[in-house]
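Novice: Kindly generate the corresponding structure for this input.
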Amino acid sequence: MKPGPVRLLALLLTAAGLSLPAPTASAAPTSAFPGPGSYLHQSYDSAGDTYDYSLYIPAGYDPQQPSPLVVLLHGCNTTADQRARSSDFNPIADQQHALVLYPDGDAYDRLLNGRCWRATTDPRGETRDHGDAAAIAGMTRAVAAAWNVDTTRTYALGMSAGGFEASMLGADYPDLYAAIGVHSGAAYGRGAVGCLGPYLPTADTADLAQQAFAQMGPRRRPVPVILFHGDADPVVPYQCGRQALEQWRQTDNLALTAQGLPAVPDQPTQLTDAAVPGGRTYTVADYGTLLEFWTVHGMAHKWSGGSDDPAVAQYGDPTGPDASAAAWQFFSRHHP
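Specialist: Sure, this is the predicted structure:
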């Protein structure tokens, strides 16, 4: 019998001497979330499936002024609320008057897929208007319709399985998301095989780049991407983050060439080594304005920076650079 998706993930990790993160209790009540704004729990129907999501409305939201929107995707066996608490993105949203959408999966994702987005287990099904990608895009549009959202400043950022999914969204919906962020994730269409546990070269980077470019169709354009990865990650290998960088460099170059514009170089235009006071060292590689790759030295499979709350300690590494702040700085430079 062919193993189901969550069983496949478990088998891959068991072979590597690893395991999926253990499910935990639901996140704390709304009042425990950082930030003075409103934290809402809502749902969205997509192709007959019901997806839950959480939405943070900053205290300074002005219905007369269009606000940016950041879509922040959790990883496997994590809820939207846990990602909201551990990433510490809400205080940034308050400073920048941005809304933050935290999607959750449907019943299949929750009960049969280990709360993983289907970009990990069925990337071929994650196309425009299909799968979790379509549901996340639908939630994004629903929030934009209900609130005064600046649709030119809408972004997607994901951790782990959410990073896999963010790569899909960049190619499936380049007309919806002005830029994307991939934290401890993988390239477009890569899936879990070879990128969960030991790294295996099971997918050709140039082929993935071509597939992403083809998926964009008439909406094709260079997509700005910021990536973060710990070089000691035992769950999603560091090489998969590097492959995601190269896939997006090649995909963006296909779009740039079609527009008669200069290509993104294959080497960084700037390398910056730095350290968090009392914490981890890291290296930021800039590839012009379109691509940025953060290597956090010695970090495992964790969100870099974020909350030091013990209740969500398993999801983040507060000794790393603040990925939420860095992602926002990158996103704020990009809007059509």
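Novice: Which residue comes closest to V100 once chain neighbours are left out?
Specialist: In space, not counting the residues next to it along the chain, V100 is nearest to Y56; the distance is 4.2 Å by C-beta to C-beta, 6 or more residues apart in numbering. In this view, the C-beta of every residue, glycine as well, is placed from N, C-alpha and C.
Novice: ok, now D233?
Specialist: Leaving aside its sequence neighbours, D233 sits nearest to H301 (C-beta to C-beta, 6+ apart; 4.8 Å).
Novice: just checking, the one you found touches G230?
Specialist: Yes - H301 lies in contact with G230 (C-beta atoms under 8 Å); the separation is 6.8 Å.
Novice: Those two: who's more crowded?
Specialist: G230 (27 against 21; other C-beta atoms under 10 Å).
Novice: separation between the more buried one and C76?
Specialist: Using C-beta to C-beta, to the nearest Å, we find G230 at a distance of 16 Å from C76.
Novice: Likewise for H297?
Specialist: Summarising the geometry, the distance separating H297 from C76, computed by C-beta to C-beta, is 24 Å.
Novice: Which one of these two is surrounded by more residues?
Specialist: Neighbour count, other C-beta under 10 Å: between H297 and C76, C76 has more, with 25 against 14.
Novice: For the more buried one, what is the enclosing helix or strand?
Specialist: Element membership for C76 (DSSP states H and E) is empty, with no helix or strand holding it.
Novice: Setting aside sequence neighbours, what's the nearest residue to it?
Specialist: Distances taken as C-beta to C-beta, 6+ apart place C116 nearest to C76, at 4.1 Å, with adjacent residues excluded.
Novice: Report pLDDT for the residue nearest to V100.
Specialist: At Y56, the pLDDT value in this model is 96.
Novice: One more: the one 5 residues further on?
Specialist: pLDDT, Y61: 95.
Novice: OK, contacts around it?
Specialist: Applying C-beta atoms under 8 Å, 6 or more residues apart in numbering to Y61 gives the contacts G37, S67, H97, L99, W147.
Novice: Just say helix, strand or coil for it.
Specialist: Y61 carries the three-state label coil when classified by DSSP: H, G, I helix; E, B strand; the rest coil.
Novice: Same question for the one 3 residues further on.
Specialist: Three-state call for Q64 (three-state DSSP): coil.
Novice: cool, and D308?
Specialist: Using three-state DSSP as the criterion, the local structure at D308 reads coil.
Novice: Am I right that the residue nearest to V100 is in a strand?
Specialist: Yes - under the criterion used here (three-state DSSP), Y56 sits inside a strand.
Novice: What's the local residue count around it?
Specialist: The local packing of Y56 (other C-beta under 10 Å) involves 24 other residues.
Novice: That one and Y39 touch, don't they?
Specialist: Yes - checked against C-beta under 8 Å, the pair Y56 and Y39 is within contact range at 5.5 Å.
Novice: excluding its backbone neighbours, what's nearest T140?
Specialist: The shortest distance from T140 to any residue other than its chain neighbours is 5.7 Å, reached at V71 (C-beta to C-beta, 6+ apart).
Novice: for Y53, same thing?
Specialist: Ranked by C-beta to C-beta, 6+ apart and with sequence neighbours excluded, the top spatial neighbour of Y53 is P103, at 4.7 Å.
Novice: Any idea how many residues pack against the one you found?
Specialist: That count, for P103 with other C-beta under 10 Å as the rule, works out to 28.
Novice: so who does the closest residue to M159 other than its chain neighbours touch?
Specialist: Leaving out its chain neighbours, the residue that sits closest to M159 by C-beta to C-beta, 6+ apart is H183, at 4.5 Å. With contacts defined as C-beta under 8 Å, 6+ apart, H183 is in contact with 157-160, 162-163, 227-229, 303-304, 323, 327.
Novice: May I see those residues arranged in CSV, with pLDDT as well?
Specialist: As requested, the contacts of H183 are exported to CSV (pLDDT from 0 to 100):
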residue, pLDDT
L157, 98
G158, 98
M159, 97
S160, 96
G162, 97
G163, 98
L227, 99
F228, 98
H229, 98
W303, 97
S304, 98
A323, 98
A327, 98
